[in-house]
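Asks: Sequence and predicted structure below; questions after.
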Amino acid sequence: MTQIDQTEAAAVKSPAAQPGQPVSRQVPVRPAKVGVMLLNLGTPDGTEFKPMWRYLREFLSDPRIVELNKLIWYPILYGIVLTVRPKKSGENYARIWNRERNESPLHTFTRSQSEKLSVSLRDLANVTVDWAMRYGNPSTGSVAKKLVERGCDRIVSFPLYPQYSATTTATANDQLFRAFMKMRRAPAVRSIPPYYDEPVYIDALATSIRKHLATLDFEPEVILASYHGIPKAFSDKGDPYRRHCLETTRLLREKLGWGEDKLMTTFQSRFGAQEWLQPYTDATVEKLAKDGIKRIAVLNPGFVSDCIETLDEIGREVCEEFIHAGGEKFSHIPCLNDSPEGMAVIETLVRRELAGWA
Ligand SMILES: C=CC1=C(C)c2cc3[nH]c(cc4nc(cc5[nH]c(cc1n2)c(C)c5CCC(=O)O)C(CCC(=O)O)=C4C)c(C)c3C=C
Ligand SMILES: [Fe+2]
Ligand SMILES: [Fe+2]
């Protein structure tokens, strides 16, 4: 019997119900239990063809990610993308895989963020922290179900994306509500809003940049704030993502006292043939090198944790492209991950959203 069932049974048999009076079937007022769910994008269970195929199929079948009509998209997805990409992407994942725990870095960091948050929220007795992925495991549905079964009648959903996009924030919440659609008694939900301009986030990025630059044996002439791209058409149709990214970079520049030539915004990780948000990160580093810039650094403010897109695409591919085009020194600035600065961002936003609930 779950905790909710036990409480309800107690209400029905309550000694407060006097003989001759109707027995209340209402659930008695009791302290609310709150589940905080950190929601990240997801990652494959392994680097071999099968787990890569499963992960990419789930990811690329999401209509928030690929908006093409299914009759057009599925033959391309199953006939071309899922025959070629699992092997190629699997090789990239294998380069960054956490072999000790047999999982991807995104998995490792998200779990650690959840564990650390749980410790720092110990003062709030009615709050439980957990984490889940939009695609792959632990699935959003299984974690939502677990929290509700443990008695959480309130959920704080935290999509781990500072800049809103329908392709990330909205689909994370879609998936959570899909789980609640199967429940007779669904919890109340709050979702943490995008935080691209929150001082605690901008301060954390600025601190992490300063700390990283202090470890280098060179001073970068240019620093790129490289964000994951989205198709330009999504932006043109009203997704505010590009505007959020530009605002994060502007605030970061302001905080660091840098000009537009020192800290630039670019977009990475294009997929498919259509135009994505510009300027592209790879084309920009090549142009910088050809223009005589010798030393650069790249940070990824839109990624809460290091993952394939930051460690392999930026740390290896884009680095190689810069050196190949004539650059000399390149450094990747790590994401906030589970650092004290990163955890301060997560904890501040969660505590604010818990107001009146915890
Ligand atoms: C196909 C379209 C894609 C859109 C649109 C998209 C948006 C988007 N993604 C992130 C964050 C991450 N994406 C990651 C991996 C990844 N992304 C796509 C495609 C789209 N993303 C693919 C196919 C993949 C898998 C890797 C590959 O095969 O290249 C990851 C890393 C996951 C990991 O396990 O490490 C993140 C994080 C954002 C923020 C975003 C839009 C704003
Ligand atoms: Fe992506
Ligand atoms: Fe990529």
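Replies: The structure has been received and is ready for your questions. Note that the structure is predicted; figures quoted are calculated from it, not measured. Ligands and ions are numbered 1, 2, ... in the order given.

Asks: Might you report the residue contacts of the closest residue to K290 other than its chain neighbours?
Replies: Spatial nearest neighbour of K290, chain neighbours left out: A325 (5.8 Å); criterion: C-beta to C-beta, 6 or more residues apart in numbering. For every residue, glycine as well, the C-beta is placed using N, CA and C. Counting by C-beta atoms under 8 Å, 6 or more residues apart in numbering, A325 makes contact with 285-286, 289-290.

Asks: and those, which are buried?
Replies: With burial judged by 16 or more other C-beta atoms under 10 Å, the buried subset of those is 285-286, 289.

Asks: is ligand 1 contacted by the strand or helix carrying V119?
Replies: Per DSSP states H and E, V119 falls inside helix 105-120. Yes - contact of helix 105-120 with ligand 1 (C-beta under 6 Å from any ligand atom) involves L106.

Asks: Take the contacts of A325 and write them to CSV, including distance to ligand 1.
Replies: CSV is the format used below for the contacts of A325 (distance: C-beta to the nearest ligand atom, whole Å):
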residue, distance to ligand 1
V285, 19
E286, 20
A289, 24
K290, 26
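
Asks: Quick check: the gap between I293 and F234.
Replies: I293 is 31 Å from F234, where distance means C-beta to C-beta, to the nearest Å.

Asks: now swap in D123 and tell me
Replies: For D123, the distance to F234 (C-beta to C-beta) stands at 41 Å.

Asks: So for I293 and F234, which residue has more residues nearby?
Replies: F234 (21 against 18; other C-beta atoms under 10 Å).

Asks: Let's verify the more buried one: helix, strand, or coil?
Replies: helix (DSSP: H, G, I helix; E, B strand; the rest coil).

Asks: Over to F267?
Replies: strand.

Asks: How many residues are close by it?
Replies: Using other C-beta under 10 Å, F267 has 23 neighbouring residues.

Asks: what pairs with it across the strands?
Replies: On the basis of DSSP bridges, F267 takes part in beta bridges with Y227, Y280.

Asks: Which pLDDT does the model give it?
Replies: At F267, the model reports a pLDDT of 98.

Asks: and if you look at A32?
Replies: pLDDT for A32: 89.

Asks: for V29, same thing?
Replies: The model's pLDDT for V29 equals 58.

Asks: and what of M1?
Replies: Per-residue pLDDT puts M1 at 34.

Asks: The one 4 residues further on now?
Replies: pLDDT recorded at D5 is 37.

Asks: Quick one: mean pLDDT over stretch 289-308.
Replies: The pLDDT scores in stretch 289-308 average 98.

Asks: Helix or strand: which one has the closest residue to ligand 1 within the stretch 51-200 of the chain?
Replies: Using C-beta to the nearest ligand atom, the single residue of the stretch 51-200 of the chain nearest to ligand 1 is S89, 3.5 Å away. Secondary structure assigned from DSSP H and E places S89 in helix 82-96.

Asks: Need the contact partners of that helix.
Replies: So helix 82-96 is contacted by 44, 47-50, 52-53, 56-57, 60, 104-105, 307-308, 311-313, 316 (C-beta under 8 Å, 6+ apart).

Asks: quick one: which of those residues sit in helices?
Replies: Those of the contacts of helix 82-96 mapping onto helices are 49-50, 52-53, 56-57, 60, 105, per DSSP state H.

Asks: can you tell me which of those residues lies nearest to ligand 3?
Replies: Comparing the ones in helices among the contacts of helix 82-96 against ligand 3 with C-beta to the ion picks out L56 as the nearest, at 12.1 Å.

Asks: And for the residue in the stretch 201-350 of the chain that ligand 1 sits nearest to, the neighbour number?
Replies: Residue of the stretch 201-350 of the chain nearest ligand 1, by C-beta to the nearest ligand atom: C307 (3.0 Å). Residues contacting C307 under the criterion other C-beta under 10 Å number 24.

Asks: I'd say it and E103 touch.
Replies: No - using C-beta atoms under 8 Å, C307 is not in contact with E103, being 11.7 Å away.

Asks: which residues do the two both contact?
Replies: Counting by C-beta under 8 Å, 6+ apart, the common neighbours of C307 and E103 are T43.

Asks: Could you pull out the strands in the stretch 151-300 of the chain for me?
Replies: Applying DSSP state E, counting those that start in this stretch to the stretch 151-300 of the chain gives strands spanning 154-159, 188-191, 222-228, 263-268, 295-299.

Asks: Would it be right to say that E321 lies in a helix?
Replies: Yes - with three-state DSSP as the criterion, E321 is located in a helix.
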